[in-house]
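Chemist: sequence first, predicted model second:
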Amino acid sequence: MSAHRDVVLEVNGNRHALRVDPGATLLEVLRAELGLRGTKENCLEGECGACTVLVDGKAVNSCLMLAVRAEGKKITTIEGLARGGELHPVQRAFVEEGAVQCGYCTPGFIMSAVDLLESNPDPTDDEVDQGLAGNICRCTGYTRIRRAVHAAIRHGGEPA
Amino acid sequence: MFDVDYSEPRSLSEVISLLTAPDAGAVLLAGGTDLIVDLRHGKLSPRRVISLWGVPDLRGVRRQDSGAFSIGALTTASEIAEFFAACPEAVGLSEAARLLGSRQIQNVATIGGNICKASPGADLVPPLLCLGARIALSGPLGSREAKIDGFLTGPGRSARDDAEILTSILLPPQHAGSATAFLKIMRRRAEDLSIVSACALVELDGSGERILRCRIALGAVAPFPFLSLKAEEILTGSRLSTQLLHRAAAAARDEAKPISDIRASMEYRRGMIEVLVCRAVLIAVERARGGVENQ
Amino acid sequence: MNPSMLIGRSEVRLDAQEKAEGTYVYGMDFSVPGSLEAVVLRSPVPHARIVKIDASRAESLRGVHAVILGRDLPHVFFNNNLEDQPFLARSVVRYHGEPMALVAAETRERAAEAAALIRVDFDPLPVLEDPELAMLPESPLIHPQWQSYVVDPQVRRGGNVCCHTILTRGDIEAGFALADIVVEGDYSTQSVHQGHVEPRVAIAESAGDGTITVYCNTQLPYWTRTQVARLMQMQEEAVRIVPLGIGGGFGSKLYAQIEPYVALLARRTGRPVRMVTSLEEELTAGLPRHPTRTHLKTGVMSDGTIVAHQTRMIIDAGAYAGSSLEIASIGALMLTGPYRLPNVRMDGFSVYTNKTNFGAYRGPGGPQSLFALEQHLDVLADALGLDPLELRLRNIAGDGDELANGQVLQGVGLREALLKAAAAIDWGAAAQANRGKGLALGWWTTTLQVSTVRASLEAGGKVRVRVGTPEIGTGAIMGGVPQIAAETMGIPMQDVIIEVADTGSGLRDWGSQGSRTAFNVGRAARAACQNLIAKILAAASGALGMEPEGLLLEDSRVSIRTDAGTCISLAALAATDAGGELIAEAVSNPEPARHKTERLSSAVYPAFHYPHFYCHACEVEVDPDTGQVRVLKYAAAHDVGHAINPALIEGQIEGGAIQGVGMAFMEDVRYRHGLRENCTWTDYKLPTIADAPDVESIIVEHPVPGEALFGMKGLGEAPVIPPPAALANAVYRAAGVRITSLPMSAERIWTALHARGSTEAESAEPQSSR
């Protein structure tokens, strides 16, 4: 059987010393080992974006990344966005614009939107669509998600 | 959870030793976006995954004094998309990188991985073909270079030896007045494999009217992405006209060997080859003219 | 703030924040310590006899705790309209992916390894893929013992036809004889999957006293309980279903699938057992939408009045009847639409084939019917030289009109919806090259049946509202219901605590489905709150020294009507209620719509209750070289009777419209020789944000009389119903080709354009007589 590896993962600013299976994905370790269940599991093949987290600020599908590969990187999950009890502007925008229905895709969408706005604070409509096309929502039809992204732009994509 | 061992060697020679060890059963890990899916579907069951990320000097794009670009094999699609976005002669490569899967995939998938996976629809390869790219490989017998044209030999097959590692891609300098354009047809507006992809490179003369040189590369319509020499022959040295463009597009269509599969029929692919070749050439010409005017 | 202003406002729903924070607990996030993981072994073939099944190697694998085969189960079927479906295949498999065995082990990987070791020998049987072939008397029977199945005797069926519904009105032949023009047409629709982003999951625990608890992301706990109890051969009260957070359902999580399995495995192993249906399994053998083929023949006078309308719909039921009996009836109602039709005949056939047991997907039968009917009406309009909008206006029903099934409509906002949707996309303005506009309209039901709610006054003056059905995403339970409760109680919405209770609570509810949730649970919540208020006023009357009639509850306190200064807060009342007396319950079970029973036979779904009306209109641009379609404008008007929360309503409209875009252009559950072809999201493509036009939602309000709270109507399903039809009509105007089968992929449009180009004929010719 595969030998476990000792790794240190930095998640949401906290360092965790873990013993992980080398074949475990980052998604599995976040949810099962660290109890961070805000990052969601679904297609497990990089098609839906529900598992999106930020690795060194960039949106990635955590289901396609081996946990051992995440050592030495700054990982941010949905749980790490709020600051001092205040929602991140993107989170707040999703709530206020009615962009949350079942909410299962919401954490992944928020992480992708945070990456988008941090690298491109004033995206065109096309850039927003292309930037978020890796996240599937089945409930909202995306109209309010677009509105939320624009609201977040107006109120500043940076955390308060 | 996959049943594999994991190594992160610190040098190319260490990677090669691990690859060539007896009973190694090892595969290389670049971005992992294809590998993990293959592991999950049981298409691959290696004993060991060898990460390339501990090896120095495999990342980043460097412009050389000659005007050539050296791209580390582990450069991500996002990095490529950003780097070449404003570069008319290589913007087709940027466009292909931005259409490769989703943003999440682009942030992780690498150019080396895209080439070595050798999918017939590998999106980054048609622009590399147009740009006359060369690749550098390192293996047990030392290092070598090869042209990208001819490197891919069939679905999932390339001229890379099992123990060789693709280390970098070299884009030779292009002449002034050159520009590229990349297009792909999908089943929806984003995040999909190509039904057909096409990249065109044109180099115009000083007047911007005559095509001095052109390259037409197609993806997803043959066992590997290829250059349509017949289309290029028709357009080279000529003044562009609608009639000529259609002849060239038809020639490209006839050189291709599209199949019918779950994504599209052969007939539709043949039709789309013609459309994409025409459109890609026209966009490349517009860009090249813009470049010519700017001189 | 004035609480009486809550209804009609776009209040933020109570669960939005936890969902945005990632702390909301979905089924996939829930775990019971010590759980085993279980998998289903599914049939790799579409139709075969199971000759031999040998699980010995699986059973002896280390870490495996149980292997259960079909032959280990009691001889019982799923509880359904027509009881024909075993919980596990026993001696025959009838579709690719049909469950044959269950394995529970320490890890999912080990369970899958064991399942792969179960050896099954099959004797292949003929595969019937085409329902029209399956209907023929000489075709082999998919259910040789069909006659022995339990079903309402009024259901007309035979052989591979599991239901034949007939709707008649007037004299169809006389109607055709009158007509100036008669047009016929054929349309077919594909199966599409609900596409919920959260998988189906269930965890069961067997207690020492023999009771079973199943935690699951079901939309309908009480019916899931029925299925579990049936398989386990237990009293329903001994089974407790605990609903968990749901990441989308759209009908897929309405029918019990894996809940009975985990219950069985928990009993067998003595350990809690968890099972997840992977996306690949879901796409292989889930409960996607029924494919259909519809033939229409309509006679019309030259002034545009429809005088005769005959339709025949063949519904592919898949291997088991499931909900296909309802689809046949619903097809009858949808194909006759909200139109004035004096002479009607509709035949709906639900037919067995060797495909997955198709199921309930938002608006079941709806989009299939409208894709046929609304395109057909456009063809009719062209034959008459009439604007399609005008043809609709001349034939749509209004208040007081009787529809084909004999039900009389009230509160019909259809004309307003039609005109507003058309205006929103500038219907009258001439279209540019390669662009075109289309519309489609329809009606839909508000499912009724029971909902039970309990309301209680809690510490701090908050009101706990306990409901028996979960929030599936629409906002009905975490938005609409607390809004109604808050307004009724005179408290802020933040002071309402919504609790979704398990089935042990006895709060019977027919579930979060069928456009019924806000309507029915809202009614029950309102009534429960009113009953609670009566108790509160009685309790306050002592404290305030005034009869209840002289008291007023407003702004979280009870005061004397004529002396507002003399009051007692709800918080204070709660503090004195040591015995928990301030609690009240209400049951809602409204009267169904009346219809004329003689018009329908073998119809399990004969009428639409508190129907709601809608029209979608759109403008598209077709790239003639590639066949790709860009949706330029999309407007959706829905008559909801009374809008409780406009943002939630718009959310339903926007979401449904884009699901409709998916069905229109790209989604397709494909079979080849009975085997599923595209079982991953790599090859089953759903709309991304880049594929979604911005949807303009238009809320129309024609309150409906009767038992509807504030005159409201259900909404949830309807938005997914008209888009394929509206978009197809627009594609025709833009490109000049009419696509009569779904999906309208770019390739299909391109092929039609090229066929037209080479033959110089249109791909669909209306036939006219006279």
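Modeler: Great, that's in hand. Numbers count the residues shown, from 1 in each chain, chains lettered A, B, ... in the order given.

Chemist: show me how far the lengthiest helix in chain A is from its chain's centre.
Modeler: Selection of the longest helix in chain A by residue count, based on DSSP state H, yields helix A:106-119. Its chain's C-alpha centre and that of helix A:106-119 lie 7 Å apart, by CA atoms, centre = their mean, to the nearest Å.

Chemist: that one: what's the following helix or strand?
Modeler: Once helix A:106-119 ends, the next helix or strand along the chain (criterion: DSSP states H and E) is helix A:125-132.

Chemist: that next one and chain B in contact?
Modeler: Yes - applying CB under 8 Å from any CB of the partner chain, one finds helix A:125-132 in contact with chain B at A:129-132. Just so you know, the C-beta spots here come from the backbone N, C-alpha and C atoms, and that holds for glycine as well.

Chemist: so chain C: which segments form each domain?
Modeler: As recorded under automatic domain parsing, the domains making up chain C are C:3-25+C:448-588, C:31-125+C:200-277, C:364-443+C:607-759.

Chemist: tell me the most buried of the ones you listed?
Modeler: domain C:364-443+C:607-759 (a mean of 23; mean count of other CB atoms under 10 Å in any protein chain shown).

Chemist: so which elements touch the longest helix of chain A?
Modeler: In terms of contacts (3 or more CB pairs under 8 Å, 6 or more residues apart in numbering or on different chains; DSSP states H and E), helix A:106-119 is packed against strand A:52-55, strand A:58-61, helix A:89-96, helix A:125-132, helix A:143-154, helix B:103-106, helix C:16-21.

Chemist: residues in contact with the residue of chain A at minimum distance from chain B?
Modeler: Closest approach between chain A and chain B, counting by CB to the nearest CB: residue A:134, at 2.4 Å. Residues near residue A:134 by CB atoms under 8 Å, 6 or more residues apart in numbering or on different chains: A:46, A:49, A:52, A:59, A:61, A:112, B:101-105, B:191, C:688.

Chemist: could you redo the last one with a cut-off of 7 Å?
Modeler: A:49, A:112, B:102-105, B:191 (CB atoms under 7 Å, 6 or more residues apart in numbering or on different chains).

Chemist: buried ones in the longest helix of chain A?
Modeler: When burial is assessed from 16 or more other CB atoms under 10 Å in any protein chain shown, helix A:106-119 yields the following buried residues: A:106-119.

Chemist: one more: stretch C:178-188?
Modeler: Burial within stretch C:178-188, assessed by neighbour count using 16+ other CB under 10 Å, is assigned to C:178-183, C:185, C:187-188.

Chemist: now the element after the host helix or strand of residue C:316, going C-ward?
Modeler: Residue C:316 is located in strand C:306-318, with elements delineated by DSSP H and E. If you walk from strand C:306-318 toward the C-terminus, the next helix or strand you reach (DSSP H and E) is helix C:324-336.

Chemist: after that next one, which helix or strand is next? Please name it.
Modeler: The C-terminal neighbour of helix C:324-336 among helices and strands, as given by DSSP H and E, is strand C:344-352.

Chemist: against which helices or strands is that next one packed?
Modeler: helix C:131-134, strand C:161-169, strand C:306-318, helix C:324-336 (3 or more CB pairs under 7 Å, 6 or more residues apart in numbering or on different chains; DSSP states H and E).

Chemist: residue A:25 is nearest to which of those?
Modeler: Among these, the nearest to residue A:25 by CB to CB is strand C:306-318 (34.4 Å).

Chemist: if we can go back for a sec, could the contacts of residue A:134 be laid out in TSV, adding pLDDT?
Modeler: Listed next are the contacts of residue A:134 as TSV, based on pLDDT from 0 to 100:
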residue	pLDDT
A:49	98
A:112	98
B:102	97
B:103	98
B:104	98
B:105	98
B:191	94
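
Chemist: pick the one among these closest to residue C:565.
Modeler: Ranked by distance to residue C:565 (CB to CB), the contacts of residue A:134 are led by residue A:112 at 55.1 Å.

Chemist: pLDDT weak spots in the chain?
Modeler: Went with chain A since none was named. Residues of chain A that meet the criterion pLDDT under 70 lie in A:1-2, A:156-160.

Chemist: switch to chain B, that's the one I care about
Modeler: Residues of chain B that meet the criterion pLDDT under 70 lie in B:292-295.
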